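Engineer: Predicted model follows, preceded by the sequence.
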Amino acid sequence: MNETVLNKINVPEVEEGARKYELSFISVTETGLTDVKQILTSFGLTPYFESPTSVIRLAYPIKKKNSATFGFVYFIGKPELLSKLNEALKFNTNILRSLIVTPPIEIKTRQERFTSKD
């Protein structure tokens, strides 16, 4: 993704004990993004950026499907909820595959670190 787009994302404040995550998914239908956001909010996780979904051709069939919809969502949540989230995604018949990772650390310049956020 273009770095200038990532810099313009309004990230909400991260509360104590919570972290930022990225959830990538492949779904059977184009409603996969809606399903993923519904699952995230049902666990009290806060999605703050979603990618536009796109139909992709799979390298090999997954559950007898040769094409699927790919997308990703950035969200904030507590680490102890991730195992329950993974289970919910596995049992959703619309989601073929999913992967949760922590986004890369944001590197700030010396000037950015010392300027105040007024």
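Structural biologist: Sure thing, it's come through.

Engineer: which neighbours does the strand ranked longest in the chain have in its sheet, and in what orientation?
Structural biologist: Across the chain, the longest stretch assigned as strand under DSSP state E is strand 65-77. Strand 65-77 has the following sheet partners, assigned by DSSP bridges: strand 19-27 (antiparallel), strand 46-50 (antiparallel), strand 54-62 (antiparallel).

Engineer: So which residues make contact with the shortest one?
Structural biologist: By CB atoms under 8 Å, 6 or more residues apart in numbering, the list of residues contacting strand 46-50 from outside reads 9-12, 33, 37, 40-41, 71-77. Heads up, the C-betas are built off the backbone N, CA and C, glycines and all.

Engineer: do the same with the first one
Structural biologist: Strand 19-27 is contacted from outside by 11, 14, 32-33, 35-36, 40, 56, 58, 62, 68-79, 82, 85, 89, 94-103, using CB under 8 Å, 6+ apart.

Engineer: Give me the ChimeraX select line for those, limited to the buried ones.
Structural biologist: The ChimeraX command for the buried members of the contacts of strand 19-27 (criterion: 16 or more other CB atoms under 10 Å) is given here:
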select :32,33,35,36,40,68,69,70,71,72,73,74,75,76,77,82,85,89,94,95,96,98,100
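
Engineer: And for Tyr21, the neighbour number?
Structural biologist: Using other CB atoms under 10 Å, Tyr21 has 21 neighbouring residues.

Engineer: Mind listing the residues bridging to it?
Structural biologist: In this entry, Tyr21 is beta-bridged to Phe75, by DSSP bridges.

Engineer: likewise Ser67?
Structural biologist: Going by DSSP bridges, Ser67 forms beta bridges with Arg57.

Engineer: Double-check that Ile39 belongs to a strand.
Structural biologist: No. Assigned with DSSP: H, G, I helix; E, B strand; the rest coil, Ile39 falls outside any strand and is helix.

Engineer: tell me the pLDDT at it?
Structural biologist: If you check Ile39, the pLDDT there is 95.

Engineer: thinking again about what came up before, tell me which two of the contacts of strand 46-50 sit farthest apart.
Structural biologist: Checked with CB to CB, the contacts of strand 46-50 reach their widest spread between Pro12 and Gly71, with 20.3 Å between them.

Engineer: Sticking with Leu85, tell me its helix or strand.
Structural biologist: Using DSSP states H and E, Leu85 falls within helix 82-91.
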